[in-house]
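Participant: take a look and give me a structure for this.
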Amino acid sequence: MTAQDASKAPADDVCVDRLVAPPVAAVVQSPPPRHRRAYSRRLQACLLVAGVYLLLIGLCAAVRLEADNWGFLLMQFAREALVHIWVVHWVGALFVGALYVAVGRLERVGPLAARCVLAAMPLMLIASWDRIATAAYRPIRTSTGVYMAHPTRGWTLRPGWTGLQDGIEIHINSRGLRGPEVSPQKEPGQRRILFLGDSVTYGYGAPEGVSFVSRFGEQCTDASTAARRLTAINLAMPAYSTWQEYDLLVHEGLRYEPDLIVLVFCVNDVLEKFQLFRFGGHTRGFEPAQPSVVEWSGLVRAARAWRTHRERMAKETAKALGFSTTVRRLLRDPHAPLVEKGWRIMQDYLDRIVEAARRASVPLVVVGAPHNDQFEPNEPWPKPTPQDVLAERMAARGVPYLDLLPLFRAHLTLAGVEAGSLFVDPFHFSAAGHELVGREICAFLSDQNLLD
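Facilitator: Model (predicted):
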């Protein structure tokens, strides 16, 4: 080897080393196979936990939906939300299961793919909580236009409105009442029965011609020889209480020259008013504001509800009020201070209704409607029931009173059916419930000689 060749040898060796040895960066960035298998195992463990979580939530939603069929009734928005929760979580569980199988077959997963999947887990959890919250917090529905503001009662029905209300076609006549057109002037030989009440009497959730008010004349055909001349006027408004019913009767109801007034009492009338601003609550009434563009989000609804409570009252007061104004609190603790206050306010306006009817020389009958929770076999509600309280007070004022609660229980025992067959939700009657209520009211009025 010449000196010239010797001087070139190191350079050749360097070139060979560069061709054979991998770059240092490649050694650092590419994990050995055992690390890739570790990524795979960790990722599979996370996917397994996520899949089990999604299956459990979907199963809970399915169980609650099935309980609705057994009498543990849901409001319409909660039922729709639970169906969506069930579908979303079970579809998510199938997707996560497919990923689990795919990762198991690959056996080796790179760090970038593993980190991307793991980073998506908190997002999946937030999305799950968001869907769950939709069943707990009522959405602000797009205004149908059926309600309009009223200066003294807060809200009323819009005259001449026709459309869908929670999937049921509703018609409001030109007088702002549900039902056919009716003139203030009474026809010769006509006998008018004026019904006051809230959404139960209004027939919420019942198609036209199904509610007990709309079928009153037909149901009373066998109860009185004068039944063919009976005309029922439905003056009920959703979410009304006695303070609104008194105003409605005095300023509008008596103009129809009624021969009889039937006031239907519902157990939520006692405490529901405390949710209104007028009585120290946090809402303006039945008709909500326009929904936001993110109304589909349950977390947004929860944040709005929390913010509303913070803005309107102290957190402790809001929490106590939210629990205290429920029907279950009324049934569980009939002697609570807020319950007694609610009774005093309700009785004050009820006395005004009695006096207004007597001044107009129109007989008044009060009907006590039951609530689905009152039929729970494992819930021995203490005495007195709200219907018992009302019966005692009406007896002291000489007002005929019909308690539908024992009549419902007798019917359920005789027919051998569940209470849920008479309700579409905790408050409102099904078609069978309306049929029963109409029949019992007709029989009671006939016994009192009020239909002739």
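
Participant: could you point out which element follows the helix or strand in which residue 246 is found?
Facilitator: Element membership for residue 246 (DSSP states H and E) is helix 242-251. Next helix or strand after helix 242-251 toward the C-terminus (DSSP H and E): strand 260-265.

Participant: partners of that next one in the sheet?
Facilitator: Applying DSSP bridges, strand 260-265 is found paired with strand 191-196 (parallel), strand 364-368 (parallel).

Participant: in a markdown table: these, plus mean neighbour count, distance to residue 170 and mean pLDDT.
Facilitator: Backbone N, C-alpha and C define where each C-beta goes, glycine included. Converted to a markdown table, the strands paired with strand 260-265 look like this (neighbours: other Cβ atoms under 10 Å; distance: least, Cβ to Cβ, whole Å; pLDDT from 0 to 100):
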| stretch | mean neighbour count | distance to residue 170 | mean pLDDT |
| --- | --- | --- | --- |
| strand 191-196 | 23 | 17 | 95 |
| strand 364-368 | 24 | 23 | 97 |
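
Participant: could I get the ones you listed as CSV with distance to residue 270?
Facilitator: Putting the strands paired with strand 260-265 into CSV (distance: least, Cβ to Cβ, whole Å) gives the following:
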stretch, distance to residue 270
strand 191-196, 16
strand 364-368, 12
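
Participant: nearest to residue 93, out of these?
Facilitator: When the strands paired with strand 260-265 are compared by Cβ to Cβ, strand 364-368 sits nearest residue 93, at 47.0 Å.

Participant: centre of the chain versus stretch 85-100, how much separation?
Facilitator: 27 Å (Cα atoms, centre = their mean, to the nearest Å).

Participant: what's next to it, contact-wise?
Facilitator: Residues outside stretch 85-100 that contact it (Cβ atoms under 8 Å, 6 or more residues apart in numbering): 44, 47-48, 50-51, 54-55, 57-58, 61-62, 65, 117, 124, 128, 131-132, 134-135.

Participant: using ChimeraX, define a selection of the buried residues within the residues you listed.
Facilitator: The following ChimeraX line selects those of those that are buried, judged by 16 or more other Cβ atoms under 10 Å:
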select :44,47,50,51,54,55,57,58,61,62,65,117,128,131,132,134,135
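
Participant: if we can go back for a sec, for residue 268, find the nearest of the strands paired with strand 260-265.
Facilitator: Across those, residue 268 has its closest neighbour in strand 364-368 (12.4 Å, Cβ to Cβ).

Participant: if I look at the closest residue to residue 350 other than its chain neighbours, how far off is residue 233?
Facilitator: Leaving aside its chain neighbours, residue 350 sits nearest to residue 242 (5.2 Å; criterion: Cβ to Cβ, 6 or more residues apart in numbering). Distance of residue 242 to residue 233, given as Cβ to Cβ, to the nearest Å: 19 Å.

Participant: between the two, which one's more packed in?
Facilitator: Legend: neighbour count by other Cβ atoms under 10 Å for residue 242 and residue 233, higher for residue 242 (24 against 21).

Participant: so residue 402: helix, strand or coil?
Facilitator: The assignment at residue 402 comes out as strand when based on DSSP: H, G, I helix; E, B strand; the rest coil.

Participant: mind listing the residues bridging to it?
Facilitator: Residue 402 forms beta bridges with residue 367, as assigned by DSSP bridges.

Participant: how about stretch 326-339: buried residues?
Facilitator: Buried residues in stretch 326-339, counted by 16+ other Cβ under 10 Å: 327, 329-331, 334, 338-339.

Participant: brain fart, stretch 98-115
Facilitator: By 16+ other Cβ under 10 Å, the buried positions in stretch 98-115 come out as 99-100, 103, 109, 114.

Participant: what's the answer for stretch 169-185, then?
Facilitator: 170, 172-173, 175-179, 182.
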